[in-house]
Structure formats: structure tokens, C-alpha cells
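Visitor: return a 3D structure for these sequence lines:
(3 chains)
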Amino acid sequence: MPPIVLLTDFGSLDTYVGVMKGVIAGIAPEAPILDLLHEIPLGDVRLGALLLDASLDAFPPGSVFCCVVDPGVGTSRRALAARVGPYTLVGPDNGLLSLAWARLTPARVFEIAERRYLRERVSRTFHGRDVFAPVAARIAGGLEIEALGPRVEDPVELRLPEPRPEAGGWRGEILRIDRFGNAITNLDAALARPGVRLRVAEHAFPLRETYGEASPGEPLALVGSSDRIELALNGENAVRRLGLRIGDAVLLEIDP
Amino acid sequence: MPPIVLLTDFGSLDTYVGVMKGVIAGIAPEAPILDLLHEIPLGDVRLGALLLDASLDAFPPGSVFCCVVDPGVGTSRRALAARVGPYTLVGPDNGLLSLAWARLTPARVFEIAERRYLRERVSRTFHGRDVFAPVAARIAGGLEIEALGPRVEDPVELRLPEPRPEAGGWRGEILRIDRFGNAITNLDAALARPGVRLRVAEHAFPLRETYGEASPGEPLALVGSSDRIELALNGENAVRRLGLRIGDAVLLEIDP
Amino acid sequence: MPPIVLLTDFGSLDTYVGVMKGVIAGIAPEAPILDLLHEIPLGDVRLGALLLDASLDAFPPGSVFCCVVDPGVGTSRRALAARVGPYTLVGPDNGLLSLAWARLTPARVFEIAERRYLRERVSRTFHGRDVFAPVAARIAGGLEIEALGPRVEDPVELRLPEPRPEAGGWRGEILRIDRFGNAITNLDAALARPGVRLRVAEHAFPLRETYGEASPGEPLALVGSSDRIELALNGENAVRRLGLRIGDAVLLEIDP
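Guide: Okay, the predicted model is just below:
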């Protein structure tokens, strides 16, 4: 049975994730449950969408992603199931799944409307347990997403800021910060050519191939594990030291 | 094989939980291991008991709960295994399991006394590894709890504060705080009728059906996912903003 | 299929661990994945080595340990697979695996050199995903470590400080701190004889068999769950209260 992969903002301080696993184990006891991440900052749909998209390809075909970053739980926002490349994604209709399906088109998106696939009582506050976990488990067990409800033609779509060409290079921005204090930009690996230099305000980051090419504490840019250009300090926390922030403009200068 | 569900106060900063999983994998390699929660504050038996009781029903029949919030480890406190409804619970005799069995009676409780079901060497400090994990694994593998030792007729029982009727309503209290900063009370969902209002000191919380019915930042009460009345601020951390604390009196006013 | 056990410094705030699980699930879908610990402080190879060595014996024979505390990722440091007693360990050649193989000799250590067992594209920054997870998964699936590359005769070895005999006893030191605020020393359980007293600077810790033998708040030494002498305060955080630090000298006084 394919794995069910969990991505939430529930953290590890309460029983929400554990309870979702209980529901899954009751419906699809043979499906391995894999934790992708639960520490998305509360309600940060964009970061959830970025990390889902960046992580998807590491999982085997058939994996079912159960994604819950859902500040609109209990309102009329729809619940979705989407077939995206070889994967199935389940989650709220707030853009959380949309970066993945924008990249891995064509995607087919359906509304989760059939009550019989949900928990018997559906609360207004915990659709992770009552909607997304049971549906993900049934999909892992073979349910076709077409059976869940009507096709959705207008799901909520996130738009990431696109890098723009500028005199002498490109203007991008910082998309997210990782735990090592590196700043991941929206500049694609394809732009990383020899001689290129990155700049945020007064800080310059020469492009390197590895951390080892920079002296300790020296700024550098490199292509990170998710194929985007990242800004770092060798052996230090660049974000904290240089005061970098999500949304900061990043200039890529060619042959400066 | 049924899942083994772990509930501890060991946190994620040390290897205690991982080591328990190793012991389980050695005895019951086919049993899925599910983490319910490991971040119970150190030694907080009452919170562990509350969360175990609130989470149990999400798991499939046959699940074996291995519960370790055990400030008395190494003393003469007994180790218990209990059959509670369709579940088996394993843990120390300090009340940790008792809210679950008080609700899902009749329960049968046995002392874990037979040394041959434990780890070969039993330390004085880590019964999660040496007593509870091996016993939970053997139960998942088919061992009957009657084989573990004598029946226990006088296990330690926690008593939760009961709501009391008052002129115009009920007086309850805050039982616990969740990660979203909501305050969960001991007032049952059955008391949540239209027109009801909750009050903590000078703060009033009108009863709503969903967060969406309150304006951003507005206080509200609603029935939470565990069928108790919760106090919240729409989109904010009620506990931090209003200074709510476990044990605070909560007044439920009918038709105020 | 034997379990794959993960030990990293990736923490729980990013998707690194989740992504490794995805890679493993794609190669060895039947192998249970067990988290030993992910909260090793960033780059603390010695602590990783200590905890791996202290935890190993709890796992069943055949377990494959995938260990990533790897500050040298992207440099020329080798990647290793080692057969150590009944276990296989995979990780960087920086000493992380070496305390385990020093204890469970004879060990056989091989370099991971064959590209075909790695991820198709190997990044310079994330060998957990690209090297160690796929190799661990293939070993769980039956690959012999001899197939990975040449035998390594000179792997990096950590040396722990050894206790030294002194007039009237032994001089050891604090090796690590656990989450309860206990200080684990390099003094072996075999030195723990009746009448022994431990001392750090002006603080004396009489040897006890259990916490319960000391009054609340009283210092004590006892043999911890990993067979080393530990320093504690009954019911309190000894490290914080007494200002203990890793590396502090610990004197063991016999019949003082």
C-alpha cells in the first residue's frame, strides 16, 4: 500500500497529529504513515505550499499527501483531492496544494463532498481528523478521487513572486528561511552561472559550488537541495547575522 | 497486528522514545508504532490522562497504548495493564490511565509483575524501555493481560473537578490549554445551548458554532474537537492575550 | 525487513527528515522507519556518536542505522557503511559511527563509492537524501556493504576522555547532559560501589540506587540507563541548579 505523507501546522505539542494517525490506522492499517513536517508556522499556507512542492519528488509514485494548513477550517472553503503527476494530494482549497499542481501539470482536482468517506461526525474545528485523514486513508486503500465529488475548475491558486530581468541581471526575492539560517530565493538553479554574484542590500554573495569554497563566516550563494539559489554564510546563520527577511529583494548580477 | 501508540513526557530532545521503538521493533516487528504525543510537560500525569482519554476513540479497536508519564519510576509504584473498551493501556499506577477507564467501563486492570515479559535487566530509571515497551509489544503480539500478574482492585484514580450548578448556570474550570492558545474547560458539549455565554473573570465569551461567526480578535466559546466547551479568540491566542490559566473558574450563564 | 533507524541533527523545523523517509519508502517500502533522534545540536558529532553507541543495543539485530551529523557535507570527507556486531551503520566519516564500532568490535568499514546505489543526482548539500538514505534502504533490502566500495582501514575515530585513577579514587568528566538536567559522566557502572561519593567542584553527590533514596532537591549520583554514573538532583534540574557543564571534572571518591 502506498505511504500516506503528513504535512501540517499542528506542531508537536498537542495530540492533533497523533489522532490523525489513529484515524488513518483504522481505515488503512497497512499504509505506512510518514511525517513530512508538522512545524509549519500556524496558518502559513504559502510556506506549506512551497515545502510540499519542494519535497514531493523525493516520495515514491502513488504516495498520498495529507496536507493540513487550514486557517479557514469551519468556513465554507472547499476540501480538495488532486491527482498531480504520480501523486494524490488532499487538503483545503486555500492554495496549499497549488504550487505542486502548477509544476506537475496536468492536474485533476476534485471537491471532497461525499459525506460517506468522512468521519461519521465532522467537527467544525478539526478537519485533519474528520475529513483529510479519512479521505487520504481511503485513497491509499484504492478509492478513486473522482468518487469524492465534483471536479473543481477554479481552485484557489497561489502565485509566487516571479524573478524579473533587470539591467545586468535579475531581481528576485527571499522566499523562505531554513533551519540552518540560509535564505532560499525564487531564483532558479538555471541562473547560477560562473561569475554570477548575488546581492541583498549592501551584502554581496559570490556564487560558489560548495560551502567549502568560502572561508568561515564568509557570505556565499549556492544552488540548494531544492534547485533554487540560496544565500548563506559558511558555518554561520546568515539570516540572523545579516538580518535577512522573507520578501527581501535579491539582485543577481551577471559578470559584475 | 494492532498498532502500538506511544504517549510520553520524554520530549524529542533525547533518545528515550527512539529506544522504546527499538525495543518494540525487536519483540513485535510487524506492529505499526504510532506517536500520539511526547511533549507532555515533565511529570504532568493529569494532562497525560486528559489527552489519553480525549484521543483514544480515534484509534482502531485493538490498539495498545504505551503510556509513560512516570515521576515515580524506581519507587514501589505498580506498573499496570488495563483492558478498557476495545483498547489495552499500559502504564504506571499513578492515575495516568484512569480517566480513560473511568469513561469506558467496565475496565479490567492487572499488575505487571511477571519478570519474564520485561527486558532482561530492568533499570530503576527507564521503565519505558524496560517494562512498558516490552509489555506493550507482547500484548500487540497476542499476550493476554491476565498473564502479566494479579488483578488490581484499587488502582490510583484521578478525579477531575466536576462542574457545579449555580444560580443561572454552571461553574466549571479550565482543564488545559492547547497549542493554539485555546482554553479547554470541563464543561460538556451538552451544556452548549443557544444563548449561552461563558465568562472568566471580566471576560465574556458568547457561544458560537464556528470561529467565522466572531470578528477577528473577538472572544468566543465553542464546542471543541473533544466535545468540551473551549474558550478562544478568533485568530488569536486567547490564553496569552487574556491571561487565562489552568484552574481558572469558568461560569456558564444561561439566557443572560 | 529490518528497521531503518534515523539519527540526525536536522531537527523538526524543516522537511529534511521527511524527505529522507520519502527516499527510503521509494527503495525499501516494507522497511519500518524508526526515528531515534533528530535533535542533536547542529554539527555535534561527538554527542551523536555517544547517543548512537548508548542506544544501539535496544534495537533488533539487522537494524540499519542511517546517521547524519555531517558538518563536512560537500567536502571530500568519505561516506561510510560499517558492519558493527549485528547492526549496519551508515554515515559520514567523521567519527559519528566510531564509538559504536570501538565497543562492538570487530567492525568492518567500507567506503560508499559506487554511484549506482545513490540518488541519481547527488547534491553537494544534502547527502542525507542523496547518499545515506538510499544506501540504508538498499542495505535493508539485502545489499551487502562490501558492494558499496573499498574497505576503509583508517576511518576517523573519536576518542572519549578516559577516566584516570587518582589517589583515593578516579577522575572522570561530564560527557553529556540529558533533557532532565542530569549530567552523564564517563565513569562506568562498574565503579559504582557502596560508599562511593562523586564530586564536581564543591558539590558532593552520594551514590544512591534510586532517586527515592534522596530527599527532594538533594544531590545524588546513580547508575543511569546507559550504564554510566550520572549526577542528579532528586526532582530538579541538576545541570541548571548547580551550573554543571560538559567537560567538567568529576571526582569519584572511594570510602571517603
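
Visitor: and residue A:195, helix, strand or coil?
Guide: coil (DSSP: H, G, I helix; E, B strand; the rest coil).

Visitor: for whatever residue of the stretch 151-256 of chain A ends up closest to chain B, phi and psi?
Guide: In the stretch 151-256 of chain A, the residue that lies nearest chain B is residue A:179 (14.0 Å; C-beta to the nearest C-beta). Any C-beta I mention is one placed from the backbone N, CA and C, and that applies to glycine too. With angles defined as degrees, to the nearest 10, residue A:179 sits at phi -70, psi -20.

Visitor: now residue A:80
Guide: Dihedral pair for residue A:80: phi -120, psi 150, per degrees, to the nearest 10.

Visitor: isn't it right up against residue A:93?
Guide: Yes - contact criterion C-beta atoms under 8 Å: residue A:80 and residue A:93 qualify, at 4.9 Å.

Visitor: hmm, back to that, and for the residue of the stretch 151-256 of chain A closest to chain B, the neighbour number?
Guide: A total of 16 residues lie near residue A:179 under the criterion other C-beta atoms under 10 Å in any protein chain shown.

Visitor: list the contacts of it.
Guide: C:10-11, C:13-14, C:16 (C-beta atoms under 8 Å, 6 or more residues apart in numbering or on different chains).

Visitor: can I get those residues in CSV including neighbour count and distance to residue C:71?
Guide: Listed next are the contacts of residue A:179 as CSV, based on neighbours: other C-beta atoms under 10 Å in any protein chain shown; distance: C-beta to C-beta, whole Å:
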residue, neighbour count, distance to residue C:71
C:10, 24, 13
C:11, 17, 15
C:13, 16, 18
C:14, 18, 17
C:16, 24, 14
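
Visitor: what's the pLDDT at the residue of the stretch 151-256 of chain A closest to chain B?
Guide: Residue-level confidence at residue A:179 comes out at 80, pLDDT.

Visitor: kindly state the beta-bridge partners for residue A:250.
Guide: residue A:172 (DSSP bridges).

Visitor: surely it touches residue A:175?
Guide: No - if you go by C-beta under 8 Å, residue A:250 and residue A:175 don't touch, sitting 9.5 Å apart.

Visitor: so what sits against both of these two?
Guide: In contact with both residue A:250 and residue A:175: residue A:185, using C-beta under 8 Å, 6+ apart.

Visitor: residues from chain A in reach of chain B?
Guide: Residues of chain A lying close to chain B by C-beta under 8 Å from any C-beta of the partner chain are A:10-23, A:25-26, A:29, A:32-33, A:42, A:71-75, A:123-126, A:129.

Visitor: if we go to 6 Å?
Guide: Within chain A, the positions near chain B by C-beta under 6 Å from any C-beta of the partner chain are A:11-15, A:18-19, A:21-23, A:25-26, A:74-75, A:123-126.

Visitor: find the helix or strand that the residue nearest to residue A:49 when sequence neighbours are not counted is a member of.
Guide: For residue A:49, ignoring the flanking residues on the chain, the nearest one in space by C-beta to C-beta, 6 or more residues apart in numbering or on different chains is residue A:99 at 4.3 Å. In this assignment (DSSP states H and E), residue A:99 forms part of helix A:98-103.

Visitor: what about that helix, average pLDDT?
Guide: Averaged over helix A:98-103, pLDDT sits at 91.

Visitor: buried ones in it, by neighbour count?
Guide: Within helix A:98-103, the residues that qualify as buried are A:98-102, counting by 16 or more other C-beta atoms under 10 Å in any protein chain shown.

Visitor: do the same with stretch A:148-167
Guide: Those would be A:148-149, A:152, A:155-156, A:158, A:163, for stretch A:148-167 by 16+ other C-beta under 10 Å.

Visitor: residues touching residue A:100, list them.
Guide: Shown in contact with residue A:100 (C-beta atoms under 6 Å, 6 or more residues apart in numbering or on different chains): A:52-53, A:56, A:84.

Visitor: can you lay out these as a markdown table showing pLDDT and secondary structure?
Guide: Output for the contacts of residue A:100, formatted as a markdown table (pLDDT from 0 to 100; DSSP: H, G, I helix; E, B strand; the rest coil):
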| residue | pLDDT | secondary structure |
| --- | --- | --- |
| A:52 | 97 | helix |
| A:53 | 94 | helix |
| A:56 | 95 | helix |
| A:84 | 95 | strand |
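
Visitor: closest to residue A:190 among those residues?
Guide: residue A:53 (17.0 Å; C-beta to C-beta).

Visitor: not counting sequence-adjacent ones, nearest residue to that closest one?
Guide: That would be residue A:99: by C-beta to C-beta, 6+ apart, it lies 4.0 Å from residue A:53.

Visitor: ok, so what distance separates the one you found from chain B?
Guide: Going from residue A:99 to chain B by C-beta to the nearest C-beta, to the nearest Å gives 24 Å.

Visitor: tell me which of the residues of chain A next to chain B fall in helices.
Guide: Using DSSP state H, the subset of the residues of chain A next to chain B located in helices is A:18-19, A:21-23, A:25-26.

Visitor: the strands in chain A, which residues?
Guide: For chain A, the strands defined by DSSP state E occupy A:4-8, A:33-37, A:64-68, A:79-84, A:87-92, A:107-111, A:164-166, A:169-177, A:183-188, A:197-200, A:203-206, A:219-223, A:228-233, A:249-253.

Visitor: circling back: among residue A:80 and residue A:93, which residue is more densely surrounded?
Guide: Set residue A:80 next to residue A:93 and count neighbours by other C-beta under 10 Å: residue A:80 wins out with 28 against 22.

Visitor: beta partners for the more buried one?
Guide: Note on residue A:80: beta-bridge partners by DSSP bridges are residue A:91, residue A:111.

Visitor: rewinding a little: for chain B, state which of the contacts of residue A:179 is nearest.
Guide: Closest to chain B, out of all of these and judged by C-beta to the nearest C-beta, is residue C:11, at 8.9 Å.

Visitor: list the contacts for that closest one?
Guide: Contacts of residue C:11 (C-beta under 6 Å, 6+ apart): A:179, C:38-39.

Visitor: then residue A:112?
Guide: Counting by C-beta under 6 Å, 6+ apart, residue A:112 has contacts A:79, A:81, A:135, A:148-149.

Visitor: which parts of the stretch 51-200 of chain A sit against chain C?
Guide: Going by C-beta under 6 Å from any C-beta, the residues of the stretch 51-200 of chain A near chain C are A:51, A:55, A:58-60, A:178-179.

Visitor: and the furthest pair within these?
Guide: Across those, the longest distance by C-beta to C-beta is 25.2 Å; it joins A:60 and A:179.

Visitor: wait, what's in contact with residue A:204?
Guide: Going by C-beta under 6 Å, 6+ apart, the list of residues near residue A:204 reads residue A:197.

Visitor: how close does it sit to residue B:195?
Guide: Residue A:204 sits 64 Å away from residue B:195, going by C-beta to C-beta, to the nearest Å.
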